[in-house]
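Engineer: I need the structure of the sequence given here:
(one chain, ligands or ions: 2)
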Amino acid sequence: MATNNWIIRTIQRCDFMLKLLVHLRKYWKLVLLSPTCMMIEVGMDLLQPLLLAAIVDKGVANGDIPFIMRTGLLMVGIAIIGMAGGMGGIMASSFAAQGFGADLRWQLFKKVQSFSFANLDELRTASLITRLTNDVTQVQQTVMMLLRAFVRAPLLSIGGLVMAISINARLALILLVTMPLLALSLWVVINKAFPLFMEVQRRVDRVNAVMRENLVGVRVIKAFVRAAKEKERFGSANESLRDITTRASRVVALQMPLMMLLMNLSIVAIIWFGGIQVNTGQMTVGEVIAFINYITQILFALMLVAWVLMAFSRAKASADRINEVLDTEALIREKPDPVVSKINKGEIVFDRVSFQYPGAGGAPVLQDISFTVSPGETVAILGGTGAGKTSLVNLIPRFFDVTQGRVLVDGVDVRDYSLKTLREGIGMVPQETILFSGSIEDNIRWGKEDATGEEIEAAAKAAQIHDFIVNLPDGYQTRLGQRGINLSGGQKQRLAIARALVAKPAVLIFDDSTSAVDTGTEACLQQSVKDYLGRCTRIIIAQKISSVMRADKIILLENGKIEGIGTHEMLLAKSPVYQDIYHSQWGQEAVVSG
Ligand code: TTP
Ligand code: MG
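Structural biologist: Ligands and ions are numbered 1, 2, ... in the order given. Next up, the predicted model:
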């Protein structure tokens, strides 16, 4: 019963690997070639002791030099064939493993691309990076080892056993004692090492996590003079990794001398009993030598198994993390038969929408939101920080799905469009500006791949960034990011606006996109964007009244509920909350732009 459990547990332990090995399917030719080559190598390895025995028994015993030479040459020839087999095996298995790794990375990458925002919130970016690189490499190495050792070890041990028995079955009985002892010692070592290696992997994770946080936040760490504290944190993670690795290595190190002891004891036993048989003429000296050779090969093969099992336990942590990504279901799914018509009017309707972030408890972030934006209208969403403005607009391009109610664009539920149609029809300038490395022109063209030079310039002009760009030494070709220039917050925002403008979508959403732009520039920008876009629906999120007062309609959001809808004048007359905001900002921006 206990054995059964152990076997089941072992199979369950290996299950993670089987799931990944499916990706090897494509390389079946290499996967088959590898053991074939290996068979040649092992076969040659198994022949050598026989020839050695012949040299000793026939050549040396009779002083037959030509025989020794012939057999010696034969041994060299066999060694060369064996080497060729070995090299072929290594090459086949490493090509297969490399291909496997590349495919796995590709699968993971594709999967991540299909993730919705909620998925990405759950599996953090930094962790995904480790999974796509480090973890894949770990598994890839294990696959390579598997391809080699799992074929070599059984071949060598069974082949060795057959040869040993064929030489002298009685002497082979020694193996009956040695093998169980060896298996037992292996079992003990592996059982001790397994949990330790699991812990090693966890602590590697921990070191990675601390390091990632520090690299990402190094500026903040400096600003808050936290370097000493962070060093301490990293130091302790690093030391705990070292400690556990040392412990694991100690256990593994124990295995080698134990094996050697068993092996040497076996050799002593063979020489002892073999010697007796040589004396009585039942066995030759050469046979004893060959026998010792085979026993050594068998024991080494078993050691190889031990190594593979160790590597397996190390790869498990990585494989689990990879499987977790592959098994994650994208939370936003497209309808199998989406609506084909494109978005061109730009009408938006929120129909009794409530929304709660997946996995979040408490009150919904948005409650019972209903409003209509007619084509070509400019609607502003005003509300304090955390009111739910970003959450609200994120529902339009379906970054998240509503919990209740529905969102319609051009009269069609957003869930009925394909994501491509929907998102092509809706332009977005996100609250957090993200630009890519490359030239300024590349970054604007990002919004529309086939944009002409004029289109790019027009968009930049409308975003009030053209004058700045042409004054740069390389103009539109100026590089950003790594080894390029850095932009100020407001410059980045305007570049992101240009990127969204260039595609001229039917609906444009600006999520607090002018927060870092001064009031004067903002007023110009609003006008130029309006002129540029013509009849395009615009949704502008803002916290400043000055940014919204010219809008056709203002939606006042508070704590996820609509507090009031109307023009500036209407709200000023009726809504006490709006009046409060207005008066608190009065004398600042309100005056400047009013
Ligand atoms: P937001 O919708 O981000 O609030 P906001 O855009 O009005 O605020 P700000 O002006 O500062 O940009 O957040 C509303 C609530 O939803 C807030 O309690 C945080 C929560 N939230 C999440 O849980 N997950 C998310 O991805 C986001 C964007 C918000
Ligand atoms: Mg926001």
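Engineer: measure Gly425 to ligand 2 for me?
Structural biologist: 22 Å (C-beta to the ion, to the nearest Å). C-beta here means a position set from N, CA and C on the backbone, and glycine is covered the same way.
Engineer: report the rounded mean pLDDT for stretch 210-221.
Structural biologist: Per-residue pLDDT over stretch 210-221 has a mean of 84.
Engineer: grab the nearest non-local neighbour of the closest residue to ligand 2 within the stretch 401-550 of the chain.
Structural biologist: In the stretch 401-550 of the chain, the residue that lies nearest ligand 2 is Gln431 (4.7 Å; C-beta to the ion). Counting by C-beta to C-beta, 6 or more residues apart in numbering, Asp511 is the residue found nearest to Gln431 once chain neighbours are left out, at 4.2 Å.
Engineer: show me the contacts for that neighbour.
Structural biologist: 389-390, 393, 428-431, 541 (C-beta atoms under 8 Å, 6 or more residues apart in numbering).
Engineer: so which of the residues you listed reach ligand 1?
Structural biologist: 389-390, 431 (C-beta under 6 Å from any ligand atom).
Engineer: about what we covered before: element containing the residue of the stretch 401-550 of the chain closest to ligand 2?
Structural biologist: Here Gln431, judged by DSSP states H and E, is contained in no helix and no strand.
Engineer: now do the contacts for Ala363.
Structural biologist: Gly560 are the contacts of Ala363 under C-beta under 8 Å, 6+ apart.
Engineer: could you tell me how many residues sit around the residue of the chain found nearest ligand 2?
Structural biologist: Taking C-beta to the ion, ligand 2 has its nearest neighbour within the chain at Thr390, 3.1 Å off. By other C-beta atoms under 10 Å, 18 other residues sit near Thr390.
Engineer: out of the contacts of Asp511, which is nearest to Ile562?
Structural biologist: Lys389 (11.6 Å; C-beta to C-beta).
Engineer: pretty sure the closest one contacts Val548?
Structural biologist: No: between Lys389 and Val548 there is no contact under C-beta atoms under 8 Å: 11.4 Å.
Engineer: pull up the overlap in contacts between those two.
Structural biologist: Common neighbours of Lys389 and Val548 (C-beta under 8 Å, 6+ apart) do not exist.
Engineer: which member of the ones next to ligand 1 among the contacts of Asp511 is positioned nearest Leu18?
Structural biologist: Nearest to Leu18 among those: Thr390, at 42.8 Å, using C-beta to C-beta.
Engineer: quick one, phi/psi of Asn471?
Structural biologist: As for Asn471, its main-chain torsions (degrees, to the nearest 10) stand at phi -80, psi -10.
Engineer: distance of it relative to ligand 1?
Structural biologist: 32 Å (C-beta to the nearest ligand atom, to the nearest Å).
Engineer: with Ala209 instead?
Structural biologist: With C-beta to the nearest ligand atom as the criterion, Ala209 and ligand 1 are 21 Å apart.
Engineer: next SSE downstream of the helix or strand containing that residue?
Structural biologist: Ala209 belongs to helix 173-216 when assigned by DSSP H and E. As assigned by DSSP H and E, the chain's next helix or strand after helix 173-216 is helix 218-223.
Engineer: now that next one, how far from the centre of its chain.
Structural biologist: Centroid separation between helix 218-223 and its chain, computed with C-alpha atoms, centre = their mean, to the nearest Å, is 27 Å.
Engineer: ok, now stretch 540-558?
Structural biologist: With C-alpha atoms, centre = their mean, you get 40 Å for stretch 540-558.
Engineer: does it come close to ligand 2?
Structural biologist: No: using C-beta under 5 Å from the ion, stretch 540-558 stays clear of ligand 2, coming no nearer than 6.6 Å.
Engineer: now the end-to-end length of that stretch.
Structural biologist: 16 Å (C-alpha to C-alpha, to the nearest Å).
Engineer: and that stretch, what's buried?
Structural biologist: 540-551, 553-557 (16 or more other C-beta atoms under 10 Å).
Engineer: narrow these to those in helices?
Structural biologist: Per DSSP state H, helices hold the following members of the buried residues of stretch 540-558: 545-548.
Engineer: just those now: which is nearest Val189?
Structural biologist: Ser547 (68.8 Å).
Engineer: can you pull the contacts of the closest one?
Structural biologist: Contacts of Ser547 by C-beta under 8 Å, 6+ apart are 380, 514, 522, 526, 540, 589.
Engineer: cool, Asp368 as well?
Structural biologist: Here Asp368 is in contact with 352-354, 405, 561 (C-beta under 8 Å, 6+ apart).
Engineer: ok, 7 Å please
Structural biologist: Applying C-beta atoms under 7 Å, 6 or more residues apart in numbering to Asp368 gives the contacts 352, 354, 561.
Engineer: from those residues, which would you call buried?
Structural biologist: Here, 16+ other C-beta under 10 Å leaves Ser354 buried among those.
Engineer: mind listing which of the contacts of Asp368 are in helices?
Structural biologist: Per DSSP H, the subset of these in helices is empty.
Engineer: of the contacts of Asp368, closest to Leu366?
Structural biologist: Ser354 (6.0 Å).
Engineer: quick check: the gap between the residue nearest to Phe16 when sequence neighbours are not counted and ligand 1.
Structural biologist: Spatial nearest neighbour of Phe16, excluding adjacent residues (C-beta to C-beta, 6+ apart): Ala319 at 4.4 Å. Going from Ala319 to ligand 1 by C-beta to the nearest ligand atom gives 30 Å.
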